[in-house]
Structure formats: C-alpha cells, structure tokens
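Trainee: when you get a sec, could you give me coordinates for this:
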Amino acid sequence: MKFHKLAMLTATMALGAVPAMALAAKPATPGPHASLPAKAKAYGRYCKGESKTHVAGKPGTPFSKCVTDMAKLATGSTKSPRTACKDESKKHVAHHPGTPYSLCVSGGAKLLKNSVPAHSIPPHSIPLHPHGVMGP
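Mentor: Coordinates of the predicted model:
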C-alpha cells in the first residue's frame, strides 16, 4: 500500500511540473505582434538612432516602426533589412542624422550579424558604406 501511495504521489508531482515548465519557457525574441515594451527591450538597441518624435499625420514614431521591423527580421518573416524597412520614411528628420530608412536598414544588418552565422546572410542584404566597407 505504501508503494502505491508513493507511486501516485510521484506521478501527481510529475504531471504538475510539466505545465509549470511549459509556462516558464519563453521565446528568445518577441514576435512582430508582441507589445511595444517587449519589442523595445529586445530590438531597441538596434534602433537607438531613430527619432522618438511623432511626425504629424503618421501613426507611430520612426523608432516604433523600426522596432516592429526588427521583430520581422528576428522571427524570419522577412530575410532582408531592406525589405523589412520598406515602410520607413526616406526623408530626413530634423536634428537627426540619416533617414529612418537608412538607420533601420543599418540596425537590421547588425541584428542579422549578431543573430546568425555570417555565412548564412546573403551578401546583398548587408548595407555597405559608400567606400565599400561595412557600415559602423
């Protein structure tokens, strides 16, 4: 009888631990539909040069759009930084160097460089400096 109780207790504890482990496992990076704070923690550093100032008549900020584009790259829904950032503005924002598009593409290239081996990135997806060397 003691063996039966011990076996039942062990089985109950094992079954109770499985859901707890499943809840504890989180994805490494948030997806494109995650909340903005979750995405900003993961991808904000690749978008740190983007303006956080709202542009009149446009939804979101260049920074928030860039964070969403980085999520698309990280989850694999898009492979190229140029494709992921295509919705970014190519107009300069006052008092900020570069355009939202150029900063997004640069951040996307850095994200890909840091997340996958260099041999698996297609050469045309990495932006080059005007003099033919990798950007900063």
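
Trainee: for Gly108, which non-adjacent residue is closest in space?
Mentor: Nearest non-adjacent residue to Gly108, counting by CB to CB, 6 or more residues apart in numbering: Pro81, 2.8 Å away. Using the backbone N, CA and C atoms, a C-beta is placed for each residue, glycine as well.

Trainee: part of a helix, is Leu73?
Mentor: Yes: according to DSSP: H, G, I helix; E, B strand; the rest coil, the state of Leu73 is that of a helix.

Trainee: from Thr99, how far off is it?
Mentor: Look at Leu73 and Thr99: by CB to CB, to the nearest Å, they are 18 Å apart.

Trainee: out of these two, which sits in the busier spot?
Mentor: Using other CB atoms under 10 Å as the criterion, Leu73 and Thr99 rank with Leu73 on top: 27 against 16.

Trainee: OK, contacts around that one?
Mentor: The contact partners of Leu73, taken as CB atoms under 8 Å, 6 or more residues apart in numbering, are Lys79, Pro81, Ala84, Gly108, Leu111, Leu112.

Trainee: what pLDDT does the second one get?
Mentor: Pro81 is assigned 94 on the pLDDT scale.

Trainee: and what of the last one?
Mentor: Residue-level confidence at Leu112 comes out at 88, pLDDT.

Trainee: my guess is it contacts Pro81, does it?
Mentor: Yes: counting by CB atoms under 8 Å, Leu112 touches Pro81, with 6.9 Å between them.

Trainee: let me know the distance separating Ala34 from Ser102.
Mentor: From Ala34 to Ser102 the distance is 25 Å (CB to CB).

Trainee: swap that for Lys65, please
Mentor: Counting by CB to CB, the gap from Lys65 to Ser102 is 13 Å.

Trainee: show me which of these two is the more surrounded one.
Mentor: Shown here are Lys65 and Ser102; by other CB under 10 Å, Lys65 has more neighbours (21 against 17).

Trainee: top of the contacts of Leu73 by number of neighbours, please.
Mentor: Ranked by neighbours (other CB under 10 Å), the contacts of Leu73 are led by Gly108, which has 29 neighbours.

Trainee: name the element that residue belongs to?
Mentor: Applying DSSP states H and E as the criterion places Gly108 in helix 100-115.
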